[in-house]
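*Asks:* fold the following, please.
(2 chains)
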Amino acid sequence: MSSAEDPAERRRSSFSERVLKGGSEPDPRFTLANERTFLAWIRTSLAFLAGGIAIEAFTGDIFDLAIRKFLATVLLLLGMLLSAGATFRWLGVERSMRHKAPLPLPIIAPLVAVGGAIASGVLVVVVLTR
Amino acid sequence: MPRTAQRFHEDPGLQPERTVLSWGRTMLALCTAAAIFLRWLPTHGPFVLALFGLAACTAIGIYTTQQARYRRGSVGISNEHVEPDAVAVVVTSTAVVALGVLGLVTVVVF
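*Replies:* Got it, this is the predicted structure:
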């Protein structure tokens, strides 16, 4: 492995070179911070997935089949959207940092809010009208 | 090996450690998801084992790369250069999306 002191000699893995073209290296601390933010979104997405599974697995004697399937489907879909959105956000932030551009708005943030509100709303209605 | 790899990075923000811990939390979240998938086994049949396997494999993948990840972070802070880990990001989120797809199939079909 050659010395990594000279920026021109730095070896980049072909995949990350392909998805992150041009611009200049951001501060490595920001790159790591962006990675942690991505992981926080992934954990949020996993929480939605786990919630969807839990609804389907544990509420058999509380909710009827249609409501159970609807809630589980909404939560699983949200988890998938968040997970895919997390990658695009990571990519967008990394690209903005390379080009010293303003960071993109997090579109997945309102997605969590709206999705969470829909799921909670359905639960409230179901519990109250039971 | 870069000469700077031999000395400790001087980063009061503890970036490499926080990043590795963040991956560790994600790994634990995957283990939790894998465990909850098993609760589907009695009602939804052996197809659920595919979900369990995918979540567990992703968790094992994170676990086995943690040491390399810490090295990458601390060497990178010393050299003022950290290559963005696009492969890990794409693999992790693809695995989670796949878990969602398999979960939906389980809910709708089985």
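*Asks:* run the contact check for stretch B:19-38 versus chain A.
*Replies:* Yes: counting by CB under 8 Å from any CB of the partner chain, chain A is contacted by stretch B:19-38 at B:19, B:22, B:23, B:25, B:26, B:29, B:30, B:32, B:33, B:36, B:37. All C-beta spots, glycine's among them, are computed from the backbone N, C-alpha and C.
*Asks:* ok, and the helix or strand in chain A with the lowest average confidence?
*Replies:* Of all the helices and strands that make up chain A, the one with the lowest confidence by mean pLDDT, DSSP states H and E is helix A:14-19; it has a mean of 81.
*Asks:* do that helix and chain B meet at all?
*Replies:* Yes: Helix A:14-19 is in contact with chain B by CB under 8 Å from any CB, via A:15, A:16, A:19.
*Asks:* low-confidence ranges in chain A?
*Replies:* Across chain A, residues meeting the criterion (pLDDT under 70) sit at A:1-13.
*Asks:* can you pull out the helices in chain B?
*Replies:* Assigned helices in chain B, in chain order: B:15-38, B:41-44, B:48-79, B:86-109 (criterion: DSSP state H).
*Asks:* just give me the lowest mean pLDDT stretch among those helices.
*Replies:* Per-segment mean pLDDT for these reaches its minimum on helix B:41-44, at a mean of 86.
*Asks:* contacts for that helix next, please.
*Replies:* With CB atoms under 8 Å, 6 or more residues apart in numbering or on different chains as the test, helix B:41-44 has contacts from A:57, A:60, B:48, B:49, B:106, B:110.
*Asks:* which residues are in contact with the second one?
*Replies:* Okay, so that is residue A:60. For residue A:60, the contacting residues are A:68, B:43, by CB under 8 Å, 6+ apart.
*Asks:* just give me the neighbour total for residue 41.
*Replies:* Here I'm looking at chain A. The local packing of residue A:41 (other CB atoms under 10 Å in any protein chain shown) involves 22 other residues.
*Asks:* actually, chain B is the one I wanted.
*Replies:* 15.
*Asks:* how much space between it and residue B:35?
*Replies:* 11 Å (CB to CB, to the nearest Å).
*Asks:* do the same with residue A:114
*Replies:* From residue A:114 over to residue B:35 the distance is 29 Å, taken as CB to CB.
*Asks:* residue A:24 contacts residue A:98, doesn't it?
*Replies:* Yes: with contact taken as CB atoms under 8 Å, residue A:24 and residue A:98 are classed as touching, separated by 6.4 Å.
*Asks:* compare these two (neighbour count), which wins?
*Replies:* Each of residue A:24 and residue A:98 had its neighbours counted (other CB under 10 Å), and the higher figure belongs to residue A:98 (17 against 9).
*Asks:* which strand or helix spans the closest residue to the more buried one other than its chain neighbours?
*Replies:* In this structure, residue A:98 finds its nearest non-sequential neighbour in residue A:23, 3.0 Å apart by CB to CB, 6 or more residues apart in numbering or on different chains. In the assignment (DSSP states H and E), residue A:23 maps to no helix and no strand.
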